[in-house]
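Enquirer: I would like the atomic coordinates for the input below:
(6 chains)
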Protein chains: 6
Amino acid sequence: MTGKAIVPLIEYEMADDAVRAVYDDIMQTRKVDWINNFWKVLAHDPALLKRTWETLRDVMAPGALDPLVKEMIYIAVSATNGCEYCTYSHTAAARSKGLSEAQLMELLAVVGMANETNRLANGLRPPIDVQFEPHG
Amino acid sequence: MTGKAIVPLIEYEMADDAVRAVYDDIMQTRKVDWINNFWKVLAHDPALLKRTWETLRDVMAPGALDPLVKEMIYIAVSATNGCEYCTYSHTAAARSKGLSEAQLMELLAVVGMANETNRLANGLRPPIDVQFEPHG
Amino acid sequence: MTGKAIVPLIEYEMADDAVRAVYDDIMQTRKVDWINNFWKVLAHDPALLKRTWETLRDVMAPGALDPLVKEMIYIAVSATNGCEYCTYSHTAAARSKGLSEAQLMELLAVVGMANETNRLANGLRPPIDVQFEPHG
Amino acid sequence: MTGKAIVPLIEYEMADDAVRAVYDDIMQTRKVDWINNFWKVLAHDPALLKRTWETLRDVMAPGALDPLVKEMIYIAVSATNGCEYCTYSHTAAARSKGLSEAQLMELLAVVGMANETNRLANGLRPPIDVQFEPHG
Amino acid sequence: MTGKAIVPLIEYEMADDAVRAVYDDIMQTRKVDWINNFWKVLAHDPALLKRTWETLRDVMAPGALDPLVKEMIYIAVSATNGCEYCTYSHTAAARSKGLSEAQLMELLAVVGMANETNRLANGLRPPIDVQFEPHG
Amino acid sequence: MTGKAIVPLIEYEMADDAVRAVYDDIMQTRKVDWINNFWKVLAHDPALLKRTWETLRDVMAPGALDPLVKEMIYIAVSATNGCEYCTYSHTAAARSKGLSEAQLMELLAVVGMANETNRLANGLRPPIDVQFEPHG
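Expert: As a prediction, this is how the structure comes out:
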């Protein structure tokens, strides 16, 4: 409603060296020349900024899962939690990694369905089938 | 804590024709010879059972996204919401579709991270960057 | 998993007068001769016990809405949040006030649907239509 | 913050026949001459649009529960999840079905109370009373 | 998006005596000369207004916990739930009680971390260690 | 319901060196001679284990906030999210850091209250007061 963040945005110009080092790494890793507002508010705690960025960078990197799949999982969580900022930013990120309109719509259809059946299960409380029990 | 569902499980033997038709379709589609408890509680409302199953079947089918990716999204939502039954059942389903241990761990790392940054954004309320605004 | 509450249950026999007065009012209001475990854990803070019970008693009493409708709303919230204890206790309460199996299933169908469309709206972020803006 | 949806709104004029058929059914069922934005974003996936609308239409129709009670349950879930669009749209819908100010306030009092006691139960973890165990 | 509340704000001038009595107590207790909008919407149900205010006043008063700690807990819950109004209002309240920028950032770091590990636990479902079982 | 974790527990004896190094640090930091199950499931991804532990260790250490206050915030989030494992483990941790029964009950009273008013605000959508807007 108010467009104001809870803490002022720390722009590159006013940032100290520790913050600038993270900003530089963000721009280099993402091959962009700007910093999005999420990091500019986190920068009030340089240790939190550095840790959060480095974890995000590592967690979202290619691994057993494809980066686009990871962005889709991020959108799924953000839509489930109703985080507005995260929905806009991660949908933009997913699109820049190739997410098509058809994939976005299908992703959200799964998210909607999962949120529905989660509550049917919560309300009716079926016991977990022995066939679903993990082995080992 | 109690292992009892909120409504009794409707087994195939006691089910009426409308319910059996859905049960049959579930077993055929999934190529299994048993019905999991989620459907046995939904069966108290045959229309709800039929609609939920048919939607799930269609939403989870191959499309713009791969069925394994869809199962991963299901797990992401279920872990975010804390739905115990759904976590066990969809992790089992994902494994039967080829989810590896490494993929599961990486998926949950993204889910954890997204839940964390969703709350950092909720608590600090950065404005949405113009660069993230959707086009068109 | 463990069946143990975070704090011991305070039974009527060991309760002090302030707690017993609330327990007595619960049993009288509900016309039962036992106290459910929720109150027995709250009793560790007699002021919290008293305030929570009195608010619940007043909020759930007949008013602009019927008590059964109120129990259904309670179930809807509890299933949405995934509160196991609350789902069992309020479904039992609703049944004792006349909730039929058909009504329960229909209620949960609405709960599931609302949880689904909440996330479709969260993920796609349609602007609020001027027609939906409150008057006055 | 941004007023822009994640995907552009599909207006009736630009919609293809499959989408128009759903739009027509929405307007006829609701006896209105306009389509709200939720459907205009879903229309990017005509199958999702059709399925979601038809399920909503059927789930919200008179049955074991009254349509106004169903709208109240929708509001309860939407307020619990914090879905802004859904809160405005379903409160408007409930009002058009006769929801009074007194009923709305009482509904929200129950929603608030349920969200409170859900967390007291989550934090103190009382075991489920045998008296609350479902029969059968 | 719309800046309009679901119900009109009830200003002091138009309030009846029951509402004014609560407004007066709010201003006196907080030593301020204005009423925030949360109470102005609750005022549509004077009993709900009175009960909610009195509970808040008592729950947030000094006791076993310090009022600033209580405001931090309020922020933690509000950021977890994504309540925008509550995040702005309780962060302002905490600041007026002395919350520093460093404390706010550290608080949100804990909130983020807890939201992350909650989902890692939800997704992997470790059994509760016997060492964590409550005594007594 | 099933007591089985989604992945097998990795005990110290079967752990590789990378995992043992984390387990050793956990035991040394906490001055205990056992590892709780949360880490034994995370150990399937040694990088995730190491990162999560090191972040938790640093975030929960004394700083601008007291470690007991941080544990209380952890409980507040876990009860809000309904995470059973986290509620038992962090209540045990808080108790070992000195949390009294009176403090626990008061903490949960605030958590309950915040969850309640979050939904009253979500349902009634009061605009954010200019007085609550952050400065700077």
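Enquirer: Which helix or strand contains the residue of chain A found nearest chain D?
Expert: For chain A, the nearest residue to chain D under the criterion CB to the nearest CB is residue A:105, separated by 3.6 Å. Yep, even glycine has a C-beta here, placed from its N, CA and C like the rest. Here residue A:105 is covered by helix A:101-124, with elements defined by DSSP states H and E.
Enquirer: if you look at that helix, does any of it touch chain C?
Expert: Yes - judged by CB under 8 Å from any CB of the partner chain, helix A:101-124 comes into contact with chain C at A:107-108, A:111-113, A:115-120, A:122-124.
Enquirer: Close to chain D as well: tell me which of these qualify.
Expert: A:108, A:112.
Enquirer: Tell me how far whichever residue of chain A sits closest to chain E lies from residue A:37.
Expert: Of all residues in chain A, residue A:45 sits closest to chain E, at 3.6 Å by CB to the nearest CB. According to CB to CB, to the nearest Å, residue A:45 and residue A:37 sit 15 Å apart.
Enquirer: What of residue A:47?
Expert: Note on residue A:47: its distance to residue A:37, by CB to CB, is 19 Å.
Enquirer: The two: which has the busier surroundings?
Expert: Counting neighbours by other CB atoms under 10 Å in any protein chain shown for residue A:47 and for residue A:37 shows that residue A:37 has the greater number, 20 against 14.
Enquirer: Which residue, other than its chain neighbours, is closest to that one?
Expert: The shortest distance from residue A:37 to any residue that is not its chain neighbour, by CB to CB, 6 or more residues apart in numbering or on different chains, is 3.6 Å, and that residue is residue B:126.
Enquirer: which residues in chain A form strands?
Expert: Listed in chain order, the strands found in chain A under DSSP state E amount to none.
Enquirer: re earlier: touching, the residue nearest to residue A:37 and residue A:38? I think so.
Expert: Yes - look at residue B:126 against residue A:38 with CB atoms under 8 Å: they come within range, at 5.2 Å.
Enquirer: what sits in contact with each of the two?
Expert: In terms of CB atoms under 8 Å, 6 or more residues apart in numbering or on different chains, residue B:126 and residue A:38 are both contacted by the residues residue A:85.
Enquirer: Just the terminal-to-terminal distance for stretch A:25-36.
Expert: Between the opening and closing residues of stretch A:25-36 we find a distance of 13 Å, counting by CA to CA, to the nearest Å.
Enquirer: residues in contact with that stretch?
Expert: By CB under 8 Å, 6+ apart, the residues outside stretch A:25-36 that reach it are A:12, A:23, A:39, A:53, A:57, A:89, B:126, B:129, B:131, B:132.
Enquirer: tell me which of those residues is nearest to chain C?
Expert: When these are ranked by distance to chain C (CB to the nearest CB), residue B:132 comes first, at 11.5 Å.
Enquirer: ok, back up a step: please flag which of the contacts of stretch A:25-36 sit within helices.
Expert: With helices defined by DSSP state H, the entries of the contacts of stretch A:25-36 inside them are A:23, A:39, A:53, A:57, A:89.
Enquirer: Drop the exposed ones from these and show what's left.
Expert: Buried positions within those, assessed by neighbour count (16 or more other CB atoms under 10 Å in any protein chain shown), are A:23, A:39, A:53, A:89.
Enquirer: Let me know the closest of these to residue A:3.
Expert: For residue A:3, the nearest member of those is residue A:89. The distance, counting by CB to CB, is 15.8 Å.
Enquirer: Test my guess that that closest one contacts residue B:128.
Expert: Yes - under the contact definition of CB under 8 Å, residue A:89 touches residue B:128, with a separation of 7.4 Å.
Enquirer: Check the spacing between the residue nearest to residue A:42 when sequence neighbours are not counted and residue A:85 real quick.
Expert: Take residue A:42 and drop its neighbours on the chain: the residue closest to it by CB to CB, 6+ apart is residue A:49, 4.3 Å away. Noted for residue A:49: a distance of 16 Å to residue A:85, by CB to CB.
Enquirer: Same question for residue A:13.
Expert: Distance of residue A:13 to residue A:85, computed by CB to CB: 23 Å.
Enquirer: Which of the two has more residues huddled nearby?
Expert: Per other CB under 10 Å, whichever of residue A:13 and residue A:85 has more neighbours is residue A:85, with 26 against 6.
Enquirer: any idea how chain A splits into domains?
Expert: Recorded structural domains for chain A (assignment: automatic domain parsing) are A:1-61, A:63-136.
Enquirer: Quick one: residues contacting the residue nearest to the spatial centre of chain A.
Expert: If you average the C-alpha coordinates of chain A and look for the closest C-alpha using CA atoms, centre = their mean, you land on residue A:74, 4.3 Å from that point. The contact partners of residue A:74, by CB under 8 Å, 6+ apart, come to A:60, A:86, A:90, A:93, A:94, B:110, B:113, B:114.
Enquirer: and if you look at residue A:61?
Expert: With CB under 8 Å, 6+ apart, residue A:61 has these contacts: residue A:67.
Enquirer: How about residue A:111?
Expert: Taking CB under 8 Å, 6+ apart as the criterion, residue A:111 is in contact with A:75, A:76, A:79, A:80, B:73, B:77, C:119, C:120, C:123.
Enquirer: again, only this time at 10 Å
Expert: Residue A:111 sits next to A:72, A:75-80, B:59, B:73-74, B:76-77, B:80, C:116, C:119-120, C:122-123 when contact means CB atoms under 10 Å, 6 or more residues apart in numbering or on different chains.
Enquirer: Pretty sure residue A:98 sits against residue A:104.
Expert: No - applying CB atoms under 10 Å, one finds residue A:98 not in contact with residue A:104, separated by 11.2 Å.
Enquirer: and those two? which has more neighbours close in?
Expert: Neighbour tally, residue A:98 and residue A:104, criterion other CB under 10 Å: the higher count belongs to residue A:104, 23 against 10.
Enquirer: residues shared between the contacts of residue A:89 and residue B:128?
Expert: Counting by CB under 10 Å, 6+ apart, the common neighbours of residue A:89 and residue B:128 are A:36, A:37, A:38, B:121.
Enquirer: wait, residue A:45 sits on residue E:100?
Expert: No - taking contacts as CB under 10 Å, residue A:45 lies outside contact range of residue E:100: 11.5 Å.
Enquirer: Next, show the common contact partners of those two.
Expert: By the contact definition CB under 10 Å, 6+ apart, residue A:45 and residue E:100 are jointly contacted by E:106, F:64.
Enquirer: In terms of neighbours, single out the busier of those two.
Expert: Comparing residue A:45 with residue E:100 by other CB under 10 Å, the one with more neighbours is residue A:45, at 22 against 12.
Enquirer: contacting residues for that one?
Expert: Neighbour list for residue A:45: A:7, A:19, A:51-52, E:101-102, E:104-106, E:108-109, F:63-64 [criterion: CB under 10 Å, 6+ apart].
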